[in-house]
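Visitor: With the input below, show me the fold.
(2 chains)
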Amino acid sequence: EDQVTQSPEALRLQEGESSSLNCSYTVSGLRGLFWYRQDPGKGPEFLFTLYSAGEEKEKERLKATLTKKESFLHITAPKPEDSATYLCAVRTNTGFQKLVFGTGTRLLVSP
Amino acid sequence: EAQVTQNPRYLITVTGKKLTVTCSQNMNHEYMSWYRQDPGLGLRQIYYSMNVEVTDKGDVPEGYKVSRKEKRNFPLILESPSPNQTSLYFCASSPDRGDGYTFGSGTRLTVV
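Guide: Numbering: from 1, shown residues only, chains lettered A, B, ... in the order given. This next block holds a predicted model:
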């Protein structure tokens, strides 16, 4: 069974304090790993897609990396507006039209 | 503005009273999907559609129906809602099967 596990469940940072969120996966053939940001009361907002081990993507203070077993979302010098829940999802060989989501990491960045 | 629009945003209904949640996208996307989000369980797929008149079940299809008569619309139908269908629902669309989904703003449904 395809599984996605995110850690930590919650993370509190001071503004400027860099850190990383983890997404580990067990799937039968990875066809893409996706990172989303979700603000309270809103739908997930697409951030990145990674397709193969070694791939990296960057956007502002965020950088996503991928290995064969996990992905990291690195947040450099975060600001309070980066506070949100970050969701990881995978698309696999067995469910190509389905995204299997993790339960997310709630990030709070304090000024 | 490119977007996925869901209506209503909030809905409280009673057990057994049929309801429809509408979803429309203006990006000419072929792929559309419905998800429900519950605390501790994450987002789970209910149904998806690869094109007009082509739909299939996701992980949790019981108690739901969908239709795709037009490319832009993908309504979610609950024929006889039950309290365990109380959840936050999201519609999403994608231009291609390898791309990330664009999500709507969600519909919070409460069944009493």
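
Visitor: where does chain B have low pLDDT?
Guide: Along chain B, the parts satisfying pLDDT under 70 run over B:97-98.

Visitor: so where do the strands sit in it?
Guide: B:4-7, B:10-13, B:19-25, B:31-38, B:42-51, B:54-57, B:65-66, B:76-78, B:87-94, B:102-103, B:107-111 (DSSP state E).

Visitor: Other residues contacting the helix or strand of chain A with the lowest mean pLDDT?
Guide: Lowest by mean pLDDT, DSSP states H and E among the helices and strands of chain A is strand A:100-101, with a mean of 90. With C-beta atoms under 8 Å, 6 or more residues apart in numbering or on different chains as the test, strand A:100-101 has contacts from A:2-4, A:27, A:87-92, B:35, B:42-44. Where C-beta positions appear, they are placed from N, C-alpha and C, glycine not excepted.

Visitor: Looking at chain B, which residue is nearest chain A?
Guide: Among the residues of chain B, residue B:103 lies closest to chain A, at 3.4 Å counting by C-beta to the nearest C-beta.

Visitor: just checking, that residue touches residue B:89?
Guide: No. Contact criterion C-beta atoms under 8 Å: residue B:103 and residue B:89 do not qualify, at 10.7 Å.

Visitor: thinking again about what came up before, quick one: which of the contacts of strand A:100-101 has the most company?
Guide: Using other C-beta atoms under 10 Å in any protein chain shown as the neighbour criterion, residue A:88 leads these with 31 neighbours.

Visitor: ok but it is inside a strand, no?
Guide: Yes. Applying DSSP: H, G, I helix; E, B strand; the rest coil, one finds residue A:88 inside a strand.

Visitor: Now residue A:70: closest residue in space, sequence neighbours ignored.
Guide: Excluding the flanking residues, the one nearest residue A:70 by C-beta to C-beta, 6 or more residues apart in numbering or on different chains is residue A:24, at 4.2 Å.

Visitor: Is it correct that the one you found is in contact with residue A:68?
Guide: No. In terms of C-beta under 8 Å, residue A:24 does not count as a neighbour of residue A:68; the distance is 10.7 Å.

Visitor: Find the centremost residue of chain B, please.
Guide: Closest residue to the average C-alpha location of chain B: residue B:34 at 3.1 Å, with C-alpha atoms, centre = their mean.

Visitor: Which residue ranges of chain A form strands?
Guide: A:3-7, A:10-14, A:19-26, A:30-38, A:45-50, A:56-59, A:62-66, A:70-75, A:84-92, A:100-101, A:105-110.
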